[in-house]
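Peer 1: coordinates for the following, if possible.
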Amino acid sequence: MVTLNINGRDMSVDADPSTPVLWALRDHLQMTGTKFGCGAALCGACTVHLDGAPIRSCVTPISAAAGHKITTIEAMETDKVGKAVQDAWVRHDVPQCGYCQSGQVMSATALLRSNKHPSDADIDGAMSGNICRCGTYQRIRAAIKDAAKTLA
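Peer 2: Presented below is the predicted three-dimensional model:
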């Protein structure tokens, strides 16, 4: 049994300590907002925050996350920055298929927490690990800039 702090609540997971955070969330806790994309930390679909920093949950074992704060897409609507990002996503019609969007939102939220006025280069750098197979990168950048203005 491993105890994880997820979205501000301690939750027990009956799983091997080497189980990736992604599968603890999805299979053990039925939190399906975080998506499986590649399983190799290459696409960003599984992005969650660990102590506020974006991580790839598909390769992070729960043993490494124990004792830290995990934040998932499910908590973004009650988070000031996360809500601003989600609202901007809607205004700019960012999602196409939507599959990568939880990871995109998590990375964008982390960026805006650390950089309130990101340049295009800052956005590109922070979002470079998130692949959108639908190619909505211009809308993603516009939405991040919009969220930054909303939060200013």
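Peer 1: contacts and neighbour counts: CA atoms only from here.
Peer 2: Will do.
Peer 1: and the strands in this protein, which stretches?
Peer 2: Taking DSSP state E as the criterion, the chain carries its strands at 2-6, 9-13, 47-50, 53-56, 69-71.
Peer 1: among these, which is nearest residue 77?
Peer 2: Nearest to residue 77 among the strands of the chain is strand 69-71; the distance by CA to CA comes to 11.7 Å.
Peer 1: partners of that closest one in the sheet?
Peer 2: In the sheet, strand 69-71 lines up against strand 2-6 (parallel), strand 47-50 (antiparallel) (DSSP bridges).
Peer 1: among those strands, which is the most enclosed?
Peer 2: strand 47-50 (a mean of 26; mean count of other CA atoms under 10 Å).
Peer 1: what is the rounded mean pLDDT of that one?
Peer 2: Mean pLDDT, strand 47-50: 98.
Peer 1: how much space separates the residue most central in space within the chain from residue 17?
Peer 2: With distances taken as CA atoms, centre = their mean, the residue of the chain nearest its centroid is residue 106 (2.6 Å). Distance, residue 106 to residue 17, using CA to CA, to the nearest Å: 24 Å.
Peer 1: how much space is there between the residue nearest to the centre of the chain and residue 37?
Peer 2: Counting by CA to CA, the gap from residue 106 to residue 37 is 15 Å.
Peer 1: nearest spatial neighbour of residue 37, chain-adjacent residues omitted?
Peer 2: Leaving aside its sequence neighbours, residue 37 sits nearest to residue 45 (CA to CA, 6 or more residues apart in numbering; 5.4 Å).
Peer 1: go ahead and confirm that neighbour touches residue 98.
Peer 2: No - Residue 45 is not in contact with residue 98 according to CA atoms under 8 Å; the separation is 10.1 Å.
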